[in-house]
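got a structure for you, letters missing:
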């Protein structure tokens, strides 16, 4: 965990030094959410599960003359199920820093890649083995579009 925090601080410091400082204040306040309600039938997990995440970020600056953006964020994840296992019954905050880049694969499409570091803390709400705090280095991608357009 200490190494992850150190990497996050070094990344933030490096990106801050190389970012475009012409703009005053943040350049955006992006938010993001996803969720799923599902039911599973198998020999390990059977039943309903609700899994959701909400993130609020701050776009601080473009990095140099590129289209990469420095972003810090905080979020919350909730997973609740009627299953007795603890890993599908938890709640906790996420917090971190990332650099992200929007792209377009083809006409009427969208996408984004991001590289960053985040902390995750979970409190388990069923059959709790305690709580977890961990550091995660990540590469995210997302893309979508409309084939008909």
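Great, that's in hand. On a predicted model such as this, the values are computed, not experimentally measured, just so you know. Numbers count the residues shown, from 1 in each chain.

can you give me the helices for the protein?
Along the chain, counting by DSSP state H, helices occupy 2-18.

Any regions of the protein where pLDDT drops low?
Scanning the chain for pLDDT under 70 picks out 1-23.

again, only using 80
1-24, 42-46 (pLDDT under 80).

can you give me the strands in the chain?
Remark: strands assigned in the chain by DSSP state E are 31-41, 46-62, 69-81, 90-103, 109-124, 131-145.

Would you tell me which of the ones you listed gets closest to residue 24?
Proximity to residue 24 (C-beta to C-beta) singles out strand 46-62 among those, at 10.2 Å. In short, each C-beta sits where N, CA and C put it, glycine included.

What residues sit buried inside that closest one?
Under the neighbour-count criterion of 16 or more other C-beta atoms under 10 Å, strand 46-62 has 49, 51, 55, 57, 58, 59, 60, 61, 62 buried.

Test my guess that the last one contacts residue 68.
Yes. With contact defined as C-beta atoms under 8 Å, residue 62 counts as touching residue 68 (6.9 Å).

contacting residues for the residue nearest to residue 142 when sequence neighbours are not counted?
Leaving aside its sequence neighbours, residue 142 sits nearest to residue 112 (C-beta to C-beta, 6 or more residues apart in numbering; 5.4 Å). The contact partners of residue 112, by C-beta atoms under 8 Å, 6 or more residues apart in numbering, come to 100, 101, 102, 103, 140, 141, 142, 143.

what about 10 Å?
30, 32, 69, 100, 101, 102, 103, 140, 141, 142, 143 (C-beta atoms under 10 Å, 6 or more residues apart in numbering).

out of the residues you listed, which is most surrounded?
The most neighbours of any of those, using other C-beta atoms under 10 Å, belong to residue 69, which has 24 neighbours.

Show me the beta-bridge partners of that one.
residue 62, residue 100 (DSSP bridges).
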